[in-house]
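K.L.:
Sequence and predicted model, in that order:
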Amino acid sequence: MNIERSQEVLGLGEHTASCKNAWSISGSIGCNRRFSCGLFADIFGGNLACILKSRDPTGDCESEITLENTYVCHWHLHPDLYDSLCGYLTKNSGAVVVSVGYRLAPEHRCPAAFDDCLKATVHFLKTAQEHGVDPSSVIICGDSAGGNLTAGVCQCLVGIADIPKPLAQVMIYPALQIADFNVPSYEQNKMVPLLLRERAVYCAIMYIGADLSLSKEMIKGSHVTPEVREKLNKWLSSEEFQVKGYKPHIMAPFNKGVYEKVKKSLELPCSPLFSDDAVIRQLPKAYILTCEFDVLRDDGILYKKRLEDNGVPVTWFHVKDGFHGIFTLFDQPEVVSGKLAMDNVITYIKNL
């Protein structure tokens, strides 16, 4: 059966690109890297997930996997970036890795990606034992926008009854708020690759489905409500953000017209940073990785503070010479911090 025909059978419709990416992951990992790769599809509206299990190193047969940790990754199934990454995680952590192929903006606006990840996660939590996985050992993970999805999914799971809860959440330089593009890390790193401030704003606008003409107003903070401003002022006044040479940014006056056009940017799932304490205090233990030279650095630090203030255990790893995107560069010898970040995440998983 060719891939075009298989996507019809699976009911994937417009998700052909995701299907092709997942298919190539299946082939390359199954043939070249001693991993077993299974796919399940059309279980939550046509999305694909790739399940990786370590093979027995002494032979070609898959070793029996019984009730072990699972890493549910909120990464898009893109073979160029996440094929080797997911394979490396599987091989070196000893965990089953489930990678979700969620829909992407701008073709699919918020909350499409979030809905896909939530449905995939709930489905897997309910059926984990069918894959030899203890449902109480599931770890939810994502990097960058995937870190946003990880935080949002974990928060939403708090309110869903009759399903196992994840053991932990792993957020790698996560994007956790679309309110203040002038926190210290944005000011310091706005021209630092790989994620410039303008690019971050562009991605946020594409995700929420707003008009790009609103980018300047969003950078100025015109869309931020008085309630959110009060929270940010309180959190940013703590000593973690007393950065030498940083001058606090004064937001433009609140503009209700701008707010009405982008108000979802301040709500879940776009900005899990602002969720109520009643939700935050019920979240699983967390691992947060931040990089010094990254506009999203302070998103992670702010969320770390919110979790800790609500009694949630947090393991924080800060890469002092790191920049946005290093995690996907773990296999590049010249990017030492990428391998450092990857190994630290694996150590955290193995020690849970």
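P.N.:
Yep, that arrived.

K.L.:
Please enumerate the helices of the protein.
P.N.:
3-9, 16-32, 79-93, 112-127, 145-158, 184-189, 197-208, 215-220, 226-236, 256-262, 277-280, 297-309, 336-351 (DSSP state H).

K.L.:
Please identify the most buried of the ones you listed.
P.N.:
helix 145-158 (a mean of 24; mean count of other C-beta atoms under 10 Å). (Glycine included, C-beta is placed from N, CA and C.)

K.L.:
who's in contact with residue 337?
P.N.:
291, 319, 321-323, 326 (C-beta atoms under 8 Å, 6 or more residues apart in numbering).

K.L.:
Quick one, which of these are buried?
P.N.:
Buried residues within those, counting neighbours by 16 or more other C-beta atoms under 10 Å: 291, 319, 322-323, 326.

K.L.:
Need those residues in TSV (columns: distance to residue 202).
P.N.:
Formatted as TSV, these follow (distance: C-beta to C-beta, whole Å):
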residue	distance to residue 202
291	20
319	25
322	23
323	18
326	21
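
K.L.:
And the furthest pair within those residues?
P.N.:
319 and 323 (8.5 Å; C-beta to C-beta).

K.L.:
Please enumerate the shared neighbours of those two.
P.N.:
Going by C-beta under 8 Å, 6+ apart, residues that sit against residue 319 and also against residue 323 are 291-292, 337.

K.L.:
can you list the residues you listed in CSV and add distance to residue 271 and pLDDT?
P.N.:
Formatted as CSV, these follow (distance: C-beta to C-beta, whole Å; pLDDT from 0 to 100):
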residue, distance to residue 271, pLDDT
291, 20, 98
292, 23, 97
337, 28, 97
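
K.L.:
and residue 136, how many residues sit next to it?
P.N.:
By other C-beta atoms under 10 Å, 12 other residues sit near residue 136.

K.L.:
Spatially, what comes nearest to it if we skip its sequence neighbours?
P.N.:
residue 164 (5.4 Å; C-beta to C-beta, 6 or more residues apart in numbering).

K.L.:
Skipping adjacent residues, who's closest to residue 259 in space?
P.N.:
residue 223 (4.7 Å).

K.L.:
From what I see, the one you found and residue 256 are in contact.
P.N.:
No: because the distance of 9.2 Å does not satisfy C-beta atoms under 8 Å, residue 223 is recorded as not touching residue 256.

K.L.:
Spell out which residues are contacts of both of the two.
P.N.:
Joint contacts of residue 223 and residue 256 (C-beta under 8 Å, 6+ apart) do not exist.

K.L.:
Could you list the low-pLDDT ranges of the stretch 201-350 of the chain?
P.N.:
244 (pLDDT under 70).

K.L.:
if we can go back for a sec, which residues are in contact with the residue nearest to residue 259?
P.N.:
So residue 223 contacts 179, 214, 217, 254-255, 258-259, 261-263, 265-266 (C-beta under 8 Å, 6+ apart).

K.L.:
So what does residue 196 have for phi and psi?
P.N.:
Backbone torsions of residue 196, given as degrees, to the nearest 10, read phi -80, psi 160.

K.L.:
list the contacts for it?
P.N.:
190, 295.

K.L.:
And it, how close does it get to residue 333?
P.N.:
26 Å (C-beta to C-beta, to the nearest Å).

K.L.:
Same check on residue 221?
P.N.:
Residue 221 is 41 Å from residue 333, by C-beta to C-beta.
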